[in-house]
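Visitor: fold the following and give me the result.
(3 chains)
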Amino acid sequence: MFGAFRATNALSGGLLWKTPWRLSRFQKARHRERLRAVDAVVATVDQALAKKGETLKALDVWKETMPTEAEMLPKDKYTMFDRKEKRTTEMDESLTTIEPTGLLERLECIELELHSKMVSIKIGESLS
Amino acid sequence: MSRSLLRSVMELRTPLTRLPPTFLLPSRALSTTTTMMQNVAPAISPAQTSIPPPPNTPLNPQKQAPMAPPPAEAAESISQLFPLLRAQPRHYITAHIHGRPYLVTEGDQIRLPFKMPGVLPGDVLRLDRASILGSRDYTLKGTPWIDSALFECRATVLGTESEPMRIKMKKKQRNRRSQRVTSKHKYTILRISELKLLEPTV
Amino acid sequence: MSYFRITLHRSAIGLPQRTRGVLAALGLRKRCQTVFHPVTPDSAGMILKVKELVAVEEVARPLTTKELREERRPEPGFWVERAVPR
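Guide: Have a look, this model is predicted:
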């Protein structure tokens, strides 16, 4: 089960070098960080202009129309529109489509895992 | 089989032999510090305290804010735990010289990776920037620096040391000329002559 | 008089010419470069055009290049307490 030849998803399947269709939680965390950085820039500019008593149309439009990172829905945060996709949205940054092979591989992986569990159960029975 | 069993039992009986010999320790540690006490056990820190940073250093307060406890709590833990740290026999300190950390105890000899300008052998330096101050059981962590009124750390300049001459031959392609470039760096040697923990004046 | 302290955090490689033009107008050529502009609607508009690339602070006065360099220099961490007679 362990070591160099353990059954990871990348080794047990054949075509798993592709970019995943969704972001990992670390990618999502970094993505939120970038969104918050943009919010911080807008907030700083807004405060500085308010102190001077100036207004800026672009800033007002942005504040009216665009949500901050905290207000965004997860769907808006991590996905973007793709007209090729049936579900109308696609994961941000990794614009790959779900392909039937990928799905098949994932099913195979689940099967493999189940199989290994059964094997371990059998070994345990024989030991006890 | 029996020999290996015997060996493992022997090793269990004398735990110090399982430490790697001195020449297997990381070379960086060997080159920069020479510790006087060889078999120092790794310090267990049951209580970790931290203190508010000095007023001139908060560079990025947003980043450190979630890590550091509020100042009142930190001051309280200092007043409670610092005497315990002070009562312990041997202390170590992570002193920063030009931003580089040196983990030292009293009596250690440091080879700085540069020649310190304007000092002569015999000069006494006072090290006042430290991030960690600890003993066998307690550790005081600065956020990021420890209040320099809590400790006194002095180092004596022992002199300079120089490495063997480095020779590098430089040659360009399709040209017979080769250049001989030499360099010989000098390093300042310090000895930590004193490390004293002071009474907190609060 | 307050100033924007603008630092380019993300590179403009692969971005449209218009975005690069805005960065050039701000005086930002390479990553981690810092420039100072007075707080005006003009400079605020330029910052909003490249808000995904920069980090902005509001400061009271612009720093010179020397002062910016001095900011990055770590403290020596020691002082000569007792010197031998020279």
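Visitor: quick check: which element contains the closest residue to chain B within chain A?
Guide: Residue nearest to chain B within chain A (Cβ to the nearest Cβ): A:Ala40, separated by 9.4 Å. Any C-beta I mention is one placed from the backbone N, CA and C, and that applies to glycine too. Per DSSP states H and E, A:Ala40 falls inside helix A:25-52.
Visitor: output the contacting helices and strands for that helix.
Guide: Counting contacts by 3 or more Cβ pairs under 8 Å, 6 or more residues apart in numbering or on different chains; DSSP states H and E, helix A:25-52 is packed against helix A:57-65, helix A:74-78, strand C:3-8, helix C:41-49, strand C:54-59.
Visitor: now these in TSV, with mean neighbour count and mean pLDDT?
Guide: Listed next are the helices and strands packed on helix A:25-52 as TSV, based on neighbours: other Cβ atoms under 10 Å in any protein chain shown; pLDDT from 0 to 100:
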stretch	mean neighbour count	mean pLDDT
helix A:57-65	12	95
helix A:74-78	13	88
strand C:3-8	21	97
helix C:41-49	19	96
strand C:54-59	18	96
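Visitor: among these, which comes closest to A:Leu35?
Guide: For these, proximity to A:Leu35 was assessed by Cβ to Cβ; helix A:74-78 is nearest, at 7.0 Å.
Visitor: any bit of that closest one sitting next to chain C?
Guide: No. Helix A:74-78 is not in contact with chain C by Cβ under 8 Å from any Cβ of the partner chain; minimum separation 14.9 Å.
Visitor: does the very next helix or strand once past that helix come close to chain C?
Guide: Next in sequence after helix A:74-78, counting helices and strands by DSSP H and E, comes strand A:79-81. No. Counting by Cβ under 8 Å from any Cβ, chain C has no neighbours in strand A:79-81; the shortest distance is 14.4 Å.
Visitor: give the buried residues for strand A:79-81.
Guide: Going by neighbour count (16 or more other Cβ atoms under 10 Å in any protein chain shown), the buried part of strand A:79-81 is A:Thr79.
Visitor: pLDDT on it, on average?
Guide: Rounded to a whole number, the mean pLDDT of strand A:79-81 is 82.
Visitor: next one: stretch B:161-179
Guide: Stretch B:161-179 carries an average pLDDT of 96.
Visitor: what of stretch B:106-120?
Guide: Averaged over stretch B:106-120, pLDDT sits at 95.
Visitor: so for chain C, the centremost residue is which one?
Guide: Centroid-nearest residue in chain C: C:Thr34, 1.9 Å away (criterion: Cα atoms, centre = their mean).
Visitor: and residue 34, what does it touch?
Guide: Answering for chain A, as no chain was given. Contact analysis of A:Arg34 by Cβ atoms under 8 Å, 6 or more residues apart in numbering or on different chains lists C:Glu52.
Visitor: look at chain C instead
Guide: Contact analysis of C:Thr34 by Cβ under 8 Å, 6+ apart lists C:5-7, C:68.
Visitor: buried residues in stretch B:112-127?
Guide: Buried residues in stretch B:112-127 (16+ other Cβ under 10 Å): B:112, B:116, B:119, B:123-127.
Visitor: okay, how far is it across it, tip to tip?
Guide: Stretch B:112-127 has its terminal residues 14 Å apart, counting by Cα to Cα, to the nearest Å.
Visitor: now the helix holding A:Ala40: buried residues?
Guide: Here helix A:25-52 shows A:27-28, A:31, A:35, A:37-42, A:44-46, A:48-49 as buried, counting by 16+ other Cβ under 10 Å.
Visitor: now B:Tyr187: how far from B:Glu106?
Guide: According to Cβ to Cβ, to the nearest Å, B:Tyr187 stands 21 Å off from B:Glu106.
Visitor: kindly report the same for B:Ser135.
Guide: Here the criterion is Cβ to Cβ. By it, B:Ser135 lies 12 Å from B:Glu106.
Visitor: again with C:Arg5
Guide: Separation of C:Arg5 from B:Glu106 (Cβ to Cβ) stands at 44 Å.
Visitor: which helix is the longest one in chain B?
Guide: helix B:71-87 (DSSP state H).
Visitor: which SSE is immediately downstream of it?
Guide: strand B:92-97.
Visitor: and the next element down the chain from that next one?
Guide: The helix or strand immediately downstream of strand B:92-97 is strand B:100-105, counting by DSSP H and E.
Visitor: and the angle for that following strand with strand B:92-97?
Guide: 150 degrees (axes from the mean of the first three to the mean of the last three Cα atoms, to 10 degrees).
Visitor: which bits of chain C sit near chain A?
Guide: C:2, C:4, C:9, C:39-41, C:44-45, C:47-48, C:51-52, C:54-58.
Visitor: same thing but 7 Å
Guide: Where chain C comes near chain A, counting by Cβ under 7 Å from any Cβ of the partner chain, the residues are C:2, C:4, C:39, C:41, C:44-45, C:47-48, C:51-52, C:54-58.
Visitor: tell me the two of those residues that are most distant?
Guide: For the residues of chain C next to chain A, the maximum inter-member distance is 23.3 Å, found between C:Ser2 and C:Glu52 (Cβ to Cβ).
Visitor: re the thing from before, tilt between the helix holding A:Ala40 and helix A:57-65?
Guide: Interaxial angle, helix A:25-52 versus helix A:57-65 (the same axes, to 10 degrees): 130 degrees.
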